[in-house]
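In: Below are the sequence and a predicted model; questions follow.
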Amino acid sequence: MGSLLAALGIVFLAELGDKTQLVALGFGARHRLGPVLAGVALAYAATNLLSVVVGGLLGAALPTRALGLGGGVLFIGFALWSLRADDDDEEGMAAATGHGRVVLSVAAAMFVAELGDKTMLATATLAAQGNPVLVWVGATIGIIASGSVGVLVGRATGARLPEQTIRIGSAALFAVFGVALIALNL
C-alpha cells in the first residue's frame, strides 16, 4: 500500500502546472467534460502502464532525447490541427461519433505529451523500487486527479470565451510546448 500512496502523492504533485495539465486545460475549454476526462484517463493509464513496464525494466536506458524531439514535432502538428474549425460539432454530427473522436484526440495528445515527462520517469523509478502494480494504480490515480483539475479549470474558463479564442489559445499552447520540447532536446 505504501507504493500506491507514494506514487499517488508524488505524481499528483509533480504534475501540477506541468505541460500535460495545461494541455488538459486547453481541451477542457474546447470540448465537453465527459469525453475530455475519458481521453485524459485513457492516456494517463496507458503512459503509466508503459512507464511501469518498460521504464521499470530499462530505467535510464530510455531514449528521452528522441522521445522529446518526436513529442515536440507532434505538438506542433497538434497546434496546426487545433487551428482548424471543428465543423463536425458545429453541424450537430451524432454525439457518439463526435465524442469518440474527442476521446481519441485527447488521449493521443496527452499520451504524446506525457512521453519522457518527469512524472513518467518518476513512475518508472518508483516501480523499480516497489510493487509495480500498486505504483501503476497510485500514479494513474494521482495523474488523473491532477489532469482533471486542469480540465475543470479549462471548462470553467472556456464557458466564458469565444470558440475562436479557445482554438487559437489551444494552438498557441501546443506550439509553445512543441518548440520548447524541440529546443530542450537539441
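Out: Structure received. Numbers count the residues shown, from 1 in each chain.

In: The spatially most central residue of the chain sits in which helix or strand?
Out: The C-alpha lying nearest the average C-alpha coordinate of the chain belongs to residue 110 (Cα atoms, centre = their mean; 2.7 Å). Using DSSP states H and E, residue 110 sits in helix 95-114.

In: I'd like the average pLDDT over that helix.
Out: For helix 95-114, mean pLDDT is 78.

In: Can you tell me which helices and strands that helix packs against?
Out: Using 3 or more Cβ pairs under 8 Å, 6 or more residues apart in numbering; DSSP states H and E as the contact definition, the elements that helix 95-114 packs against are helix 19-30, helix 33-50, helix 64-83, helix 87-90. From N, CA and C alone the C-beta is placed, and that goes for glycine too.

In: Now with 7 Å, please.
Out: Counting contacts by 3 or more Cβ pairs under 7 Å, 6 or more residues apart in numbering; DSSP states H and E, the secondary-structure elements packed against helix 95-114 are helix 19-30, helix 33-50, helix 64-83.

In: Pick the most deeply packed of the ones you listed.
Out: Counting by mean count of other Cβ atoms under 10 Å, helix 19-30 has the highest mean neighbour count of the helices and strands packed on helix 95-114, with a mean of 25.

In: which other residues reach the helix holding residue 110?
Out: The contact list for helix 95-114, computed with Cβ atoms under 7 Å, 6 or more residues apart in numbering, reads 19-20, 23-24, 27, 31, 35-36, 38-40, 42-44, 46-47, 71, 74, 78, 88-89, 120.

In: Touching stretch 158-168 from outside, list them.
Out: Contacts of stretch 158-168 from elsewhere in the structure, counted by Cβ under 7 Å, 6+ apart, are 28-30, 82-83.

In: and what of stretch 139-152?
Out: Contacts to stretch 139-152, defined as Cβ under 7 Å, 6+ apart, come from residues 7-9, 11-12, 15-16, 20-22, 24-25, 27-28, 33, 36-37, 40-41, 44-45, 48, 119, 123.

In: Please work out which helix or strand belonging to this protein has the smallest mean pLDDT.
Out: helix 87-90 (a mean of 44; mean pLDDT, DSSP states H and E).

In: Can you name the next helix or strand after the helix holding residue 110?
Out: Past helix 95-114, further along toward the C-terminus, the next helix or strand under DSSP H and E is helix 118-129.
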